[in-house]
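# need a structure here:
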Amino acid sequence: MASAVALLLLPVSVPVGGVRFREFLDFGAGVLSLVSLSCSVIWGLFAQDRIFLNTRQRIIGQAVHRTTAVASIAFLLLHITTKIALGHTEVIAAVVPFSLGVTKIAGLIGLGSLAALLMVFVGVTGALRGAFASPAPVAARWRAMHMLAYPAWCAALIHGLYAGRAAKPVFVVLYGLSLLGVMGALALRAAPRPVKRRVAGRLTALFDRSGRPGPDEPEARRSRAADPARPQ
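Numbers count the residues shown, from 1 in each chain. All right, here's what the predicted structure looks like:
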């Protein structure tokens, strides 16, 4: 309910905000939407992986996945509302992809509109996941619909890089980090289990300084660590 209220109130801030606020939203809302979408995609990839995360961490990861997804849609609505309010595009262009054309800037705006519709569709179906939980064929269709987040992310990235004026260096850096993060998460998710276990072990050794045994450590070593009095 809080997310729905935020989604409704945020676009209202565009007409009543000051000039500086609208200028910030003109160039920043779209970038924040893409960054939030990228974080949602990354956490969505890791939140179901039992090798990298334990049960508690997966629950937290799913919460972060949903929160960043809501944030991406909120910033998306701000981005669209700002562009329409400032006269940079038309309402029909935001509702119907490629309604202004398919070449040059019109085509890039169409890509942004397509990404927006896919993001909203994925967000709505994600919120209704419980309705698709069973039977198995229905759940499979839900997963296929949820994977539309990937083409949405690709279209949003191209739109953000090339639509309008040249992006500022800080925005280019954010786009680059989003690209590297998503591609790295996809590569790890698709990697063989031994590779993922090695990466998980190295990450555990890097972030865990308490000396606890990792998930792949032999049982004998675990026993020796638990019982210091036992002969080595």
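# can you report how many residues lie near Ile60?
Counted with other C-beta atoms under 10 Å, residues neighbouring Ile60 total 13. Yep, even glycine has a C-beta here, placed from its N, CA and C like the rest.
# can you tell me how far it is from Leu53?
8 Å (C-beta to C-beta, to the nearest Å).
# for Val172, same thing?
Distance from Val172 to Leu53, by C-beta to C-beta: 31 Å.
# more neighbours, these two?
Set Val172 next to Leu53 and count neighbours by other C-beta under 10 Å: Leu53 wins out with 17 against 14.
# the closest residue to that one other than its chain neighbours: neighbour count?
Nearest-residue entry for Leu53: Gly61, 5.8 Å, with adjacent residues in sequence omitted and distances by C-beta to C-beta, 6 or more residues apart in numbering. A count of nearby residues for Gly61, using other C-beta under 10 Å, gives 20.
# begin at 11 from here
Understood, numbering begins at 11; the last thing we discussed is Gly71.
# list the residues that contact Gly71.
53, 56-57, 63 (C-beta atoms under 8 Å, 6 or more residues apart in numbering).
# between those, which sits nearest Ile168?
Trp53 (22.5 Å; C-beta to C-beta).
# that closest one against Ala81, yeah?
No - counting by C-beta atoms under 8 Å, Ala81 is not a contact partner of Trp53; they are 11.8 Å apart.
# what about the residue nearest to Ala79 when sequence neighbours are not counted, distance to Leu198?
Leaving out its chain neighbours, the residue that sits closest to Ala79 by C-beta to C-beta, 6+ apart is Ser50, at 4.2 Å. Look at Ser50 and Leu198: by C-beta to C-beta, they are 17 Å apart.
# the two - which one has more neighbours?
Ser50 (26 against 18).
# number of nearby residues for Gly38?
18.
# what helix or strand is it on?
Secondary structure assignment for Gly38, by DSSP states H and E: helix 29-56.
# average pLDDT for the helix or strand following that helix, rounded please.
Later in the chain than helix 29-56, the nearest helix or strand by DSSP H and E is helix 65-95. Across helix 65-95, pLDDT averages out at 88.
# helix or strand right after helix 65-95?
Following helix 65-95 in sequence order, the next helix or strand is helix 101-105 (DSSP H and E).
# now for that next one, which elements pack on it?
helix 65-95, helix 114-137 (3 or more C-beta pairs under 8 Å, 6 or more residues apart in numbering; DSSP states H and E).
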